[in-house]
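[1] Dropping the sequence and predicted coords here.
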Amino acid sequence: MRPSKEQILDALKHVEDPDFKKDLVTLNMIRDIVTDENRVAFSVYLTTPACPMKDMLENACRTAIAHFISPELQVDIKMTADVLSGKRKSEVMPNVKNIIAVGSGKGGVGKSTISAGLAATLSQSGAKVGLMDADIYGPSIPILFGVENTPIEMDMVEGKELMRPVMANGIKLFSIGFLSKPNEAVVWRGPMVSSALKQFMNGVNWGELDYLIIDLPPGTGDVQLTLVQNLPLTGAVIVSTPQKMAIADARRACAMFKIQGVDVPIMGIVENMSYFSPPDQPEKQYRIFGEGGVDQLANEFNMPVIGRLPIQTTLMEDADSGHILNKGNIRIFADIAGRLVQQIAIESTK
Ligand code: ADP
């Protein structure tokens, strides 16, 4: 038998995307249908290549074709993605589909490590990713990727000279660390920081990106506020440890994103350093920094906890030695990235 395109579409109307709560045909995710004698081929365009439901949706499509048309058909599915743009498009960075700021109230809670991990995982899934290190007072992204001291080269783009991001495993990186000597930026004043950050947006050749992850400076001062007010952010991610003091600061960071006129959707909170399991007793979990605070904060701000990372000495060693992109680390961050892109999808339908 040779099925018609209409039959294929009718069958696939029974497959629903759980995030958008609509079927794949209505969502225009089914494209490039080709039918043949006893065979059908089509593409499923997800809203992100990092979609955690990729395998589930592919299986559901196969089941629908088998059930509603025939189990005898050969079904070839190409799972691909057409990354959805955030709602806040702007002239500042028109070619960047989604800008996600990673913030924390307190320093040293793992904000940079998690920004790097998210960028790396999204990039591995096939998305075009940039990572902007806006942590002007403690730029650690160049260290995490082992690219400190890389000289910045210039590109000419439509008659404008732009700084070329440093590439690390397919991710476009930019950091004040590439421009200043260690500790130099520490003495910068507010206006200098603010103009440096404008340069990061307008003076860097970011090109086309699906996701730009921004590692914000810790805290909720003027610099952070200027940043979140001026960037067309799709959303924010908050990082905190379970420690009481960190939670109190994280609460202020959440409140900053919710200030009238800023109003950036918070996609979720990551609890870092949740517990420690001794390598020789992996079944034991010691909650060194306490517990419960992150969940309480998540409730207060009506946001999900999108990940919990234990204290891992290997992660710290890899971070210090510029090997954050190790396979094991990518696996750790994959779940968090999956939940983040899911939240982005849910937010886009609101
Ligand atoms: P921040 O950006 O919030 O200042 P960093 O990402 O620089 O924090 O992390 C601070 C330190 O903690 C770094 O040395 C980093 O390697 C380490 N670190 C972060 N997360 C973990 C973790 N889950 N386990 C062990 N060490 C971690």
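    Received it, and whenever you're ready, just let me know what you need.

[2] where in the chain is pLDDT low?
    Along the chain, segments meeting pLDDT under 70 span 89-90, 181-191.

[3] In space, not sequence, find me the middle residue of it.
    Leu118 (5.0 Å; CA atoms, centre = their mean).

[4] Tell me the first helix or strand C-terminal of whatever helix or strand that one lives in.
    Here Leu118, judged by DSSP states H and E, is contained in helix 111-124. Downstream of helix 111-124, the first helix or strand assigned by DSSP H and E is strand 129-133.

[5] Name the strands paired with that following strand and say parallel or antiparallel.
    strand 171-175 (parallel), strand 209-215 (parallel) (DSSP bridges).

[6] outside of it, which residues touch it?
    96, 112, 115-116, 119, 122-123, 139-142, 165, 170-177, 200, 204, 206, 209-215 (CB atoms under 8 Å, 6 or more residues apart in numbering). From N, CA and C alone the C-beta is placed, and that goes for glycine too.

[7] Which elements pack onto whichever helix or strand comes after that strand?
    Per DSSP H and E, the first helix or strand lying C-terminal to strand 129-133 is helix 141-144. Here helix 141-144 touches helix 111-124, strand 129-133, strand 171-175, helix 313-320, going by 3 or more CB pairs under 8 Å, 6 or more residues apart in numbering; DSSP states H and E.

[8] quick one: is helix 141-144 near the ligand?
    No. Under the criterion of CB under 6 Å from any ligand atom, helix 141-144 makes no contact with the ligand; the nearest approach is 7.7 Å.

[9] contacts for that helix?
    Helix 141-144 has contacts (CB under 8 Å, 6+ apart) with 112-113, 115-116, 131, 133, 135, 148-150, 166, 173, 175, 177-178, 215, 319-320, 322, 324.

[10] if we go to 7 Å?
    112-113, 116, 131, 133, 148, 173, 175, 177-178, 215, 319, 322, 324 (CB atoms under 7 Å, 6 or more residues apart in numbering).

[11] then it to PDB, C-alphas only?
    Provided in PDB are the C-alpha atoms of helix 141-144 (Å, rounded to 0.1, in the frame of the first residue of the first chain):
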ATOM      1  CA  ILE A 141      34.600  31.300  31.900                       C
ATOM      2  CA  PRO A 142      38.000  31.500  30.100                       C
ATOM      3  CA  ILE A 143      39.500  29.300  32.800                       C
ATOM      4  CA  LEU A 144      36.600  26.800  32.700                       C
END
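
[12] roughly how far is that helix from the heart of the chain?
    Taking CA atoms, centre = their mean, to the nearest Å, one finds the center of helix 141-144 at 17 Å from the center of the full chain.

[13] what do you get for stretch 301-310?
    Relative to its chain's centre, stretch 301-310 lies at 14 Å (CA atoms, centre = their mean).

[14] gap between the two ends of that stretch?
    Terminal residues of stretch 301-310 are spaced 23 Å apart (CA to CA, to the nearest Å).

[15] again, but for stretch 80-95
    Stretch 80-95 has an end-to-end distance of 20 Å (criterion: CA to CA).

[16] Right, I'll leave it there.
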